[in-house]
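Participant: sequence? don't have it. structure:
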């Protein structure tokens, strides 16, 4: 009988762990808060706890698993299974996470960038539909991505391929926290959308956005909310968001010429609202054949995509 | 005994045809002017002529060839072997070039984008040195490129992957002839460098560039010439060129995270002059690990890279 696959999505705020079959069927899942401020040792303890819990819920033993995959924020050394120093995991410096978990569970553990895992999940069981050349983009606090080339995850020299959020779309733009200038995510991430809204409101623009925002802290979700209520500022901001997304996606198409691009992350919840201006912008800024050869769709797997993709790492890499 | 490989580089100004061994050793080569204005029929006749000539010079028969590869300007349909409608080949509309040559020579004929062929050649026999993840960029009249991923040419859904020249580095920039705005090649191609020079001189800037330029028509080469003579304007322009190259290369690294990038094309003749500012810009605008994991070098094969890469198509695709 085929074994089961376990995937852990290690996020800055929560640890989401799943067991799936090799057809992508969900067997069990469990989520704990990361409590990242407690440092790596305690976080890893909680990761182990989630694995034991999903095994118990599924009435399975560790020996029923093909392996464990971990989706982690970057930067990391995927080949060596080491988490280097992710900004949202304080205290994590060169943690040999794969080895630590292998020592605990005595089965193979693979590590991969979280956006790459989501790309794998969408490729195998979601919007990618096993289309040979597939790109996944997550538009959330930041913008990340992953590329499947010829049916295999492409992660480059050191797991940093498809870092779309930090390709520049304006070389003369403002400095990004990454050190570069005018990065795609400075214009089109959820954070950027919220910041643009806050700036306009500070300037005195009338808008329901500030009434919607809890504690005065505007989020991208608030802007979409206001848009649905017919708010003028929200309409302008969402149109600009759609335009910026189009610019960045056109660049991705000129680089990768993929057959399918799937958009995930919180901002992609507004996919239908963003689509018309986004697609018009992509069309204007791409080769005709490349545009016509590429479907742009909404990702399907939602918040489980990281954990599912992590689980899949064990299939993918055992084939290489 | 291993068979020989024939490659034809169909350019807007010349047809360059070679026979090589499968180790990349040059056996014979021959060049004819394309005379593109005479239309596809006459150009294809001259292509055939070059093949018969390189066979004769090498004292080989068609049956000694594994196959023929053709490097063609895009857009094309590589899989079907059709040249669609390249701007610099007037009258070429949906020409079934591979089939026409197969009918003549009765051996397999493969077609591929010229920059992709150059990438293949540099990967196998040049600066790429068979490094698994390799990107080639040609900086000439325009900017093109090709990507080798996991040791194989990656050409995407329809041979338009790695069209780096038409990814935007300034979404609000001027309109490009491709329809997009602020494309990389509008800033960093040889044509762009020459245009920036012409504009400054029109504005009345003193420079030896205009004395060097033949018939008053400034080329990128003239700017490099003036630079070597200590010309101030040329120095400024070359520094700006190096900066723009750095911006575009950083974006390529964020997309592809390759192990090696090789720069070819006329502007890359000034590689050593451009390198310091270019590499500083790349470093500033990339993830540290991605920058450190990537060597940026000058391409090695020069003007024969297109034809050599075309010849290699027959090895590469027979392996798939």
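Facilitator: Ah, there it is. No experiment lies behind these values; they were computed from the predicted model shown. Numbers count the residues shown, from 1 in each chain, chains lettered A, B, ... in the order given.
Participant: Can you name the element that comes right after the helix or strand harbouring residue A:124?
Facilitator: In this assignment (DSSP states H and E), residue A:124 forms part of helix A:114-125. Using DSSP H and E, the helix or strand that follows helix A:114-125 towards the C-terminus is strand A:134-139.
Participant: Given the helix or strand just after that following strand, what are its sheet partners and their directions?
Facilitator: On the C-terminal side of strand A:134-139, the closest following helix or strand by DSSP H and E is strand A:143-149. Note on strand A:143-149: by DSSP bridges, its sheet partners are strand A:134-139 (antiparallel), strand A:152-154 (antiparallel).
Participant: distance between strand A:143-149 and the chain's centre?
Facilitator: When distances are taken as CA atoms, centre = their mean, to the nearest Å, strand A:143-149 is centred 9 Å away from the chain's centroid.
Participant: contacting residues around that strand?
Facilitator: Contacting residues not belonging to strand A:143-149 are listed as A:113-120, A:123, A:128, A:132-138, A:153-155, A:161-165, A:184-185, A:188-189, A:248, A:252, A:256, A:258, A:265, B:149-150, B:154 [CB atoms under 8 Å, 6 or more residues apart in numbering or on different chains]. Any C-beta I mention is one placed from the backbone N, CA and C, and that applies to glycine too.
Participant: one step back: okay, the strands paired with strand A:143-149 in JSON lines with mean pLDDT and mean neighbour count next?
Facilitator: Putting the strands paired with strand A:143-149 into JSON lines (pLDDT from 0 to 100; neighbours: other CB atoms under 10 Å in any protein chain shown) gives the following:
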{"stretch": "strand A:134-139", "mean pLDDT": "98", "mean neighbour count": "30"}
{"stretch": "strand A:152-154", "mean pLDDT": "96", "mean neighbour count": "22"}
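Participant: what comes up buried for stretch A:211-228?
Facilitator: Neighbour counts over stretch A:211-228 (16 or more other CB atoms under 10 Å in any protein chain shown) mark A:212, A:213, A:218, A:219, A:220, A:221, A:222, A:223, A:224, A:225, A:226, A:227 as buried.
Participant: just to revisit the earlier point, quick check on the contacts of strand A:143-149: which are buried?
Facilitator: A:113-120, A:123, A:128, A:132-138, A:153-155, A:161-165, A:184-185, A:188-189, A:248, A:252, A:256, A:258, A:265, B:149, B:154.
Participant: Could you pull out the strands in chain A for me?
Facilitator: Shown for chain A, the strands assigned by DSSP state E span residues A:4-10, A:14-20, A:26-33, A:65-72, A:76-77, A:82-83, A:109-113, A:134-139, A:143-149, A:152-154, A:260-264, A:295-298.
Participant: Packing partners of the fifth one?
Facilitator: Judged by 3 or more CB pairs under 8 Å, 6 or more residues apart in numbering or on different chains; DSSP states H and E, strand A:76-77 is in contact with strand A:109-113.
Participant: Check the fourth one too.
Facilitator: Counting contacts by 3+ CB pairs under 8 Å, 6+ apart, the secondary-structure elements packed against strand A:65-72 are strand A:4-10, helix A:40-57, helix A:97-105, strand A:109-113, helix A:114-125, helix A:305-319.
Participant: The first one - which strands sit beside it in the sheet, and in what orientation?
Facilitator: Strands flanking strand A:4-10 in the sheet, each with its direction: strand A:14-20 (antiparallel), strand A:65-72 (parallel) (DSSP bridges).
Participant: now the residue of the stretch 51-200 of chain A at minimum distance from chain B, nearest residue through space, not along the chain?
Facilitator: Taking CB to the nearest CB, chain B has its nearest neighbour within the stretch 51-200 of chain A at residue A:156, 2.7 Å off. Nearest residue to residue A:156, sequence neighbours excluded (CB to CB, 6 or more residues apart in numbering or on different chains): residue B:257, at 2.7 Å.
Participant: Quick check: the gap between that neighbour and residue A:92.
Facilitator: Separation of residue B:257 from residue A:92 (CB to CB, to the nearest Å): 21 Å.
Participant: and what of residue A:113?
Facilitator: 14 Å.
Participant: Residue A:299 and residue A:266 touch, don't they?
Facilitator: No. Residue A:299 sits out of contact with residue A:266 when judged by CB atoms under 8 Å, with a separation of 11.3 Å.
Participant: how about the residues of the stretch 101-250 of chain A near chain B?
Facilitator: Residues of the stretch 101-250 of chain A lying close to chain B by CB under 8 Å from any CB of the partner chain are A:133, A:149-150, A:152, A:154-164, A:166-172, A:178-181, A:187, A:244, A:247, A:250.
Participant: Cool, thanks, talk later.
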